[in-house]
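Visitor: sharing a model that was predicted from the sequence below.
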Amino acid sequence: MTRPTGSSHRTRPPAREADGDRSDRGAGAAAEGRRSRRRGEPLAASWTPSGRAAASGTPSRSRRGTLAALAVVLLALTGFVVVRFLTPSAETTDVRSPAAAAEQGPVVGEAPSGGDFAGVDIPTAELPAGGDFPVSGKGTWRVVPGATPQVGTGRVYTYTVEVEDGAVLAEGDAAFATAVDATLDDPRSWTGSGQIALRRVDAAAGVVPDFRISLTSQLTTRAQCGYQIRYEASCWKSDIGRVLINGSRWVRGAAAFEGQLGLYRQYAINHEVGHVFRNQHVPCPAGGALAPVMMQQSFGVSNDYLAQLTDDNPQGIQIPRDGKVCRPNAWPNPVR
């Protein structure tokens, strides 16, 4: 789940005429010009019939044949351009790249920049009671050593696991990395689509990853992701290539998950990594259904609650006030 300052298709442009098409039409026009002009006259293009055919008021048989041939060529070219313009490219895919994600803006989280959320009241968005969490840190991150084999097929995305300097987890850095790897290696995660492959790399060894999954203190997360909505959240910050997992949520979870902290952690990872692939927020599709992983479940699983976030700031989607309430879900490709 995220705090957007803020689930793209590329269409090829109309095809240009091939050189052969242009030369064929030019040859026909030149031949017609040679038939109609006298020696010494300048070449001129005209839609007005000239010469003997114009004098008689009836086009010659050869001229009628030329015009008919030109009409056929024009119709064929027009049809070709229309088909090329309207037919989707075979390269179209729903898998979005981290580089393309930058087009959405530097932060993809829960609240669009400049929104007025003073009246937002979502009881299920309150941070649950629980253990101590990292409140502040240094705003820099250390890489947790380690790497994993590639999981999945399709385009390969690499990631690191990092923890903010000064942010202390009772369970330790390695436990956070293990949870991240286990979540993304699961076939119910993003690799289950068959279009995405993931591999953890060790940036400490000089490898530059596509994105960095970073456990971050409460206050640094607020500073990086924004805090227009006064509830704790995480975000994807494309300008620094970081998925920022809010330490307060990592320790305490979310009310909608009813104490299932492990399930919530899997959701938080999958939701934020989903934003790396340019997936936007979505509503609950049907009462009692599993919530889509891109639903803002850290704030709740009720459309009526989440609609408050999009009433004045649609975020690319308007959540309906339709009474639908979903069940919490951590996975993009759950086993139904």
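Guide: Thanks, I have the structure now. Small disclaimer: the values here were computed from a predicted structure and weren't measured.
Visitor: neighbours around A175, how many?
Guide: By other C-beta atoms under 10 Å, the residues close to A175 number 12. Quick note: C-beta positions are derived from backbone N, CA and C, even for glycine.
Visitor: got the buried residues for the strand or helix carrying it?
Guide: Here A175, judged by DSSP states H and E, is contained in helix 173-185. For helix 173-185, the buried set under the neighbour-count rule, 16 or more other C-beta atoms under 10 Å, comprises 173, 176-177, 179-181, 183-185.
Visitor: and of these, the nearest to G323?
Guide: Nearest to G323 among the buried residues of helix 173-185: T183, at 31.3 Å, using C-beta to C-beta.
Visitor: my guess is that closest one contacts Y264. True?
Guide: No - with contact defined as C-beta atoms under 8 Å, T183 does not count as touching Y264 (11.3 Å).
Visitor: anything in contact with each of the two?
Guide: Here T183 and Y264 share the contacting residues A330, scored by C-beta atoms under 8 Å, 6 or more residues apart in numbering.
Visitor: if we can go back for a sec, dump the buried residues of helix 173-185 into JSON lines; add pLDDT as well.
Guide: What follows is the buried residues of helix 173-185, written out as JSON lines (pLDDT from 0 to 100):
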{"residue": "D173", "pLDDT": "98"}
{"residue": "F176", "pLDDT": "99"}
{"residue": "A177", "pLDDT": "99"}
{"residue": "A179", "pLDDT": "99"}
{"residue": "V180", "pLDDT": "99"}
{"residue": "D181", "pLDDT": "99"}
{"residue": "T183", "pLDDT": "99"}
{"residue": "L184", "pLDDT": "99"}
{"residue": "D185", "pLDDT": "98"}
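Visitor: turn the residues you listed into TSV, including distance to A147.
Guide: Converted to TSV, the buried residues of helix 173-185 look like this (distance: C-beta to C-beta, whole Å):
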residue	distance to A147
D173	15
F176	16
A177	10
A179	16
V180	12
D181	10
T183	16
L184	13
D185	12
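Visitor: flag the shaky bits of the stretch 1-150 of the chain, pLDDT-wise.
Guide: By pLDDT under 70, the weakly predicted segments of the stretch 1-150 of the chain are 1-116.
Visitor: any idea where the helices of this structure begin and end?
Guide: For the chain, the helices defined by DSSP state H occupy 19-36, 51-56, 61-86, 98-101, 173-185, 218-225, 247-252, 261-276, 303-310.
Visitor: leaving out the residues flanking it, which one is nearest to F133?
Guide: V251 (3.9 Å; C-beta to C-beta, 6 or more residues apart in numbering).
Visitor: okay, that neighbour: pLDDT?
Guide: Per-residue pLDDT puts V251 at 98.
Visitor: burial measure for it, as a count.
Guide: Using other C-beta under 10 Å as the criterion, V251 is surrounded by 20 other residues.
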